[in-house]
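Visitor: give me a 3D structure for the following:
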Amino acid sequence: MVTLKDTPLLPNVVAMVGTLQTTGFIFAIIIGAFILNYVLVLTRFLNMLADALLSTNLSDAMIFALTVLLFIILGALMDSLAMMVVTIPILMPVLAALEFDLVWFGVIIVLVVEMALISPPIGMNVFVLKGVTKELELTDIFKGAFLFMIPILTLIILIYIFPEIALYLPQQMAG
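Guide: Now for the predicted structure:
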């Protein structure tokens with residue numbers, strides 16, 4: 001049986017400090033996103049953005065492609081949690097005004113965020129793998145991860161063409 005007296009104190013303190021730093025960072029992102037969303041609602045920016053997109057006469061496919069491209073670019077620059085907390089509250093009212101199915105788009109967001117987790121230069125999952133396997137070079141891991149990005153993009157395109165892939169189960173649960 002392991003007891004507290006058998007456990008060295010310093011590694012536990014280091015782990016707790018790291019956990020507190022990470023938690024503080026996450027809360028700072030969430031608080032910042034709430035403030036940003038409050039300002040966007042107060043200034044009616046979201047309504048103006050939706051009106052601007054509706055008046056551009058872009059096709060649904062083009063708006064979808066631009067949104068996915070935005071997430072891919074942000075995924076290369078930001079942590080996935082920060083990206084979702086900042087962008088989803090801004091995009092959801094716009095996409096709802098454009099009559100996109102939000103459940104369907106939520107599935108797309110999950111796929112794009114998963115792709116962001118393996119894309120350079122931020123790709124958190126790549127750095128986790130590098131931490132576990134010291135003998136692999138980071139460039140080799142990114143090359144291997146790129147092979148997974150192609151099927152994810154293919155799946156995103158298939159779900160755009162055949163939304164039933166993503167909506168079948170939610171529709172069955174709704175009755």
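Visitor: all contacts plus neighbour counts: C-alpha atoms, from now on.
Guide: OK.
Visitor: which strand or helix spans L153?
Guide: Assigned by DSSP states H and E, L153 belongs to helix 138-161.
Visitor: state the mean pLDDT of that helix.
Guide: Averaged across helix 138-161, the pLDDT comes to 92.
Visitor: how about the top helix by length along the chain: buried residues?
Guide: The residue-count maximum for a helix in the chain (DSSP state H) belongs to helix 9-42. Burial within helix 9-42, assessed by neighbour count using 16 or more other CA atoms under 10 Å, is assigned to 29-30, 33, 37.
Visitor: off-centre distance for it?
Guide: 17 Å (CA atoms, centre = their mean, to the nearest Å).
Visitor: list the helices and strands that helix packs on?
Guide: Counting contacts by 3 or more CA pairs under 8 Å, 6 or more residues apart in numbering; DSSP states H and E, helix 9-42 packs against helix 80-97.
Visitor: give me the residues contacting the helix it packs on.
Guide: Helix 80-97 has contacts (CA atoms under 8 Å, 6 or more residues apart in numbering) with 26, 29-30, 33, 36-37, 40, 46-47, 49-50, 71, 74-75, 102, 113, 116-117.
Visitor: the helix or strand just after the longest helix of the chain: which residues count as buried?
Guide: Sequence-wise, the next helix or strand downstream of helix 9-42 (DSSP H and E) is helix 45-55. Judged by neighbour count using 16+ other CA under 10 Å, the buried positions of helix 45-55 are 46-47, 50, 53-54.
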